[in-house]
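[1] Provided below are the primary sequence and the corresponding predicted coordinates.
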Amino acid sequence: MHHFSYIDGRLHAEAVPLEAIAAQVGTPCYVYSTATLTRHYRAFADAFADLDATICYAMKANGNRAVLRLLTGLGAGVDVVSGGEMGLALAAGAPADRIVFSGVGKTKDEMAAALNAGVHQINVESEPELDALDAVARELGVRAPVAIRVNPDVDAATHAKITTGKAENKFGIEWTSARTVFRRAMTLEGIAVHGVAVHIGSQILDLAPFEAAFRKVRDLVALLRADGVTIDRLDLGGGLGVPYHADDHTPPPPSAYAAVVARTVGDLGCALTIEPGRAIAGNAGVLVSRVTYLKEGMTRTFAIVDAAMNDLMRPALYDAWHDIWPVVEPSAGVERHPIDVVGPVCESSDTFARDRSLPPLAADDLVAFMTAGAYGAVMSGQYNGRPLVPEVLVDGDRFHVVRRRPTLTEMASLEDLPPWLTDAR
Ligand SMILES: Cc1ncc(COP(=O)(O)O)c(C=O)c1O
Ligand SMILES: N[C@@H](CCCC[NH3+])C(=O)O
């Protein structure tokens, strides 16, 4: 559920008309809802209240500082995947001992930074990484609190580009070598083995793959304990999906997901971490854009909008669907026609929707790309000299620009000319 709705014929974020935000901030801009973020975090917290669990929000979904501050203020920990994310999480006020550091390619510098900061856990994904972490920790004179991510070889039944738990994916330690690696980890002086981590993919709309993976984890824990390995934590990753399209079947609520966790691994006596990203931020955000031109051709009609693939990559990258809602509510019974909604970037893949059935659009109309709160702004770039899009957080009837649009001078200031070119002109 989200808090974007038509009030008096105008699309609002909570009580704020998107027209008012567009007028002040310009378009395109991302708009996030405090009420939705809060509701989603609480749904997870409540669902897991009877388990010893920490909800570590996967900030890769939306790492805006205000979003992080809001969620950590509600009690969330943070799942980070780089030294950059860790630094941003700490700067937003996340307590280090509620940060979990995941990712397949942590550098030694990132490991040292994580250990110096005192993060709760580092999730190790390969043997070379285990050895590197052991060396870094011994050098610092500490033991790194570790979970080892295993690859359960379970099909998450989601888009191939966001599946992570199949044997062919780069993530985690192969299921068949897991016991050997855990046993070795126990012998390493710089490593304190705590748990098993697993994450099978993203935008998962069915509980069966989770259940299959968690059962495998349960079996593994029994084997590991029999081998004398201490397992007192389980990190079950994220992955619960959100509805992007009316045809998507409704994703299971956090309570149903928590019930699967409870019945598969709830009795193992482990502290649990779960890492939802999209389920918390996905439909807490929209990308507001203005139609620049309506281009009517012989065969197709294009609405050329001022947002582009560099601002919201998901359609270009995964052929992802985002609902498009006109900011002025279409009158009931208005005829809809197929239209292509495209951005101004010089790539044919800069297409948000093809043959989308929409009410008539005209130049200057505002539209909102729905469910853009996760993997939206965080994945954006500056291709075609397009400054990163501003982000706005709404709370009831107030809003605040939580990331402003950089000026061209700021963008250019990151570049420098080599001395031999400075006086060429
Ligand atoms: C290790 C890990 N945890 C959590 C997440 C968050 O996933 P989602 O946004 O699908 O909940 C991801 C991304 O898929 C991930 O790789
Ligand atoms: N960026 C992807 C999800 C990747 C999840 C992170 N492992 C998306 O927009 O769907």
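    On my side now, so go ahead. Numbers count the residues shown, from 1 in each chain. Ligands and ions are numbered 1, 2, ... in the order given.
[2] From here on, just use CA atoms for contacts and neighbour counts.
    Noted.
[3] for Ala246, what are its contacts?
    By C-alpha atoms under 8 Å, 6 or more residues apart in numbering, no residues touch Ala246.
[4] Using the three-state scheme, assign it.
    coil (DSSP: H, G, I helix; E, B strand; the rest coil).
[5] ok, now Ala43?
    helix.
[6] Tell me how this structure divides into domains.
    Listed domain ranges for the chain are 4-31+282-412, 103-274 (source: automatic domain parsing).
[7] to the chain's geometric centre, what's the distance from the first one?
    Spelled out, it's domain 4-31+282-412. 19 Å (C-alpha atoms, centre = their mean, to the nearest Å).
[8] start to end distance for that domain?
    36 Å (C-alpha to C-alpha, to the nearest Å).
[9] for the longest one, same thing?
    The first residue of domain 103-274 is 15 Å away from its last residue (C-alpha to C-alpha).
[10] Now do that domain: distance to the chain's middle.
    On C-alpha atoms, centre = their mean, the centre of domain 103-274 falls 17 Å from the chain's centre.
[11] cool, and stretch 2-14?
    The answer for stretch 2-14 is 24 Å, by C-alpha atoms, centre = their mean.
[12] Just the endpoints, please. Distance across it?
    Span of stretch 2-14 from end to end, C-alpha to C-alpha: 9 Å.
[13] Show residues contacting stretch 7-14.
    Contacts of stretch 7-14 (C-alpha under 8 Å, 6+ apart): 3-6, 17-19, 31-33, 35, 326-330, 394-397.
[14] Now do the buried residues in stretch 101-111.
    Neighbour counts over stretch 101-111 (16 or more other C-alpha atoms under 10 Å) mark Phe101, Ser102, Gly103, Val104, Lys106, Glu110, Met111 as buried.
[15] Sort out for me which of those are in helices.
    Glu110, Met111 (DSSP state H).
[16] filter the buried residues of stretch 101-111 by proximity to ligand 1?
    Ser102 (C-alpha under 6 Å from any ligand atom).
[17] Tell me which residue of the stretch 251-400 of the chain lies closest to ligand 2.
    Tyr375 (4.6 Å; C-alpha to the nearest ligand atom).
[18] ok, that residue - contacts?
    Neighbours of Tyr375 in contact, by C-alpha under 8 Å, 6+ apart: Lys60, Ala61, Asn62, Arg278, Gly282, Leu312, Arg314.
[19] Quick one: buried ones out of the residues you listed?
    Burial by neighbour count, judged by 16+ other C-alpha under 10 Å, picks out Lys60, Ala61, Asn62, Arg278, Gly282, Leu312, Arg314 from these.
[20] what number of residues lie near the residue nearest to Ala147 when sequence neighbours are not counted?
    Excluding its sequence neighbours, the residue lying closest to Ala147 (C-alpha to C-alpha, 6 or more residues apart in numbering) is Gly195, at 4.3 Å. Counted by other C-alpha atoms under 10 Å, the residues lying close to Gly195 total 25.
[21] Give the partner strands of the strand or helix carrying Gly195 in its sheet and their orientations.
    Using DSSP states H and E, Gly195 sits within strand 191-197. With DSSP bridges as the test, strand 191-197 is paired with strand 144-151 (parallel), strand 233-235 (parallel).
[22] And for that strand, what's in contact with it?
    Strand 191-197 is contacted from outside by 123, 133-134, 137, 143-150, 182, 185-186, 217, 221, 229-237, using C-alpha under 8 Å, 6+ apart.
[23] So for that strand, mean pLDDT?
    Averaged over strand 191-197, pLDDT sits at 98.
[24] Sketch out the low-pLDDT regions of the stretch 151-300 of the chain for me.
    Applying pLDDT under 70 to the stretch 151-300 of the chain flags the ranges 160-168.
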